[in-house]
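K.L.:
what would the 3D arrangement of this be:
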Amino acid sequence: MATSERGTVVQRLGSGIADVVERWMPSPFLFAILLSYLVFVGGILIEGAGPAAMVGYWYDGFWTLLTFGMQMVLILATGYVVAYHPLVRRGIERLTRIPNDGRQAVVLVGVIAMVVTWIQWGLGLIVGAVLAREMGRQAHERGLSVHYPLLCVAGYMGMGLTWHWGLAGSAPLLMNTPDNIFVEQGIVDGLISTSQTVFSLSLIHIS
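P.N.:
A predicted model of the protein is given here:
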């Protein structure tokens, strides 16, 4: 039986929306191409730049992001390797045996995902997903009543709540990288150290 034929009204509605998105949603790469064309046309019509100049701007700007792009690739790749190390996998399996009910399971997955993602978002991305999957398997085997969609959300809470404030956050690292694009373009006067971003106590002050 199709998924859309089972469950509550809300579940059927959600399943129907998901089916439409999966069928018709374009590849994210297509959006990058369309935005490139949009900027190209906008630069010509609004800023008065010539087509050759716009191509040059695109080419020069693309390569200035290589340093930052390589940082993100290394973060994600190393996170994946560490997350699938046998010791880490065994640790995850032990953690999933701790909860005694569905609520504890969701809270445990969410907290661990947020903490690990703060340390390294690539590691947290993989660990959160693996932990949520293993927790679901353990809950099924132990007969725990758990809300599986919420468990999946908990596995990605780190990416939604703590990664950009963490040690591997994209913006803090970029702003602390010498000769970054914002410094070169004069948007900021100089580097912004992690003491002003990641480790700034003002983040937790209540005004």
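K.L.:
list the buried residues for the longest helix anywhere in the chain?
P.N.:
Ranked by number of residues, the top helix in the chain under DSSP state H is helix 121-142. Neighbour-count burial for helix 121-142, with 16 or more other CB atoms under 10 Å as criterion, is recorded at 121-136, 138-139. Where C-beta positions appear, they are placed from N, C-alpha and C, glycine not excepted.
K.L.:
point out where the protein drops to low pLDDT.
P.N.:
Applying pLDDT under 70 to the chain picks out residues 1-7, 202-207.
K.L.:
contacts for stretch 163-171 next, please.
P.N.:
68, 72, 75, 117-122, 124, 172, 197-198, 203 (CB atoms under 8 Å, 6 or more residues apart in numbering).
K.L.:
got those residues as a markdown table, with distance to Gly48 columns?
P.N.:
What follows is the contacts of stretch 163-171, written out as a markdown table (distance: CB to CB, whole Å):
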| residue | distance to Gly48 |
| --- | --- |
| Phe68 | 30 |
| Met72 | 34 |
| Ile75 | 40 |
| Thr117 | 44 |
| Trp118 | 45 |
| Ile119 | 48 |
| Gln120 | 45 |
| Trp121 | 40 |
| Gly122 | 42 |
| Gly124 | 45 |
| Pro172 | 36 |
| Thr197 | 37 |
| Val198 | 41 |
| Leu203 | 42 |
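K.L.:
before we move on, back to that, let's see the following helix or strand past the longest helix of the chain as CSV, backbone CA atoms only.
P.N.:
Going down the chain from helix 121-142, the next helix or strand is helix 148-155, by DSSP states H and E. The C-alpha coordinates for helix 148-155 follow below in CSV (Å, rounded to 0.1, in the frame of the first residue of the first chain):
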residue,chain,number,x,y,z
TYR,A,148,10.4,8.4,14.5
PRO,A,149,10.0,11.7,12.6
LEU,A,150,10.8,13.6,15.7
LEU,A,151,13.8,11.3,16.3
CYS,A,152,15.1,12.2,12.8
VAL,A,153,14.7,15.9,13.6
ALA,A,154,16.7,15.5,16.8
GLY,A,155,19.5,13.9,14.8
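K.L.:
pull out the buried residues from the helix or strand that comes right after helix 148-155.
P.N.:
Moving toward the C-terminus from helix 148-155, the next helix or strand (DSSP H and E) is helix 157-161. For helix 157-161, the buried set under the neighbour-count rule, 16+ other CB under 10 Å, comprises 157-159.
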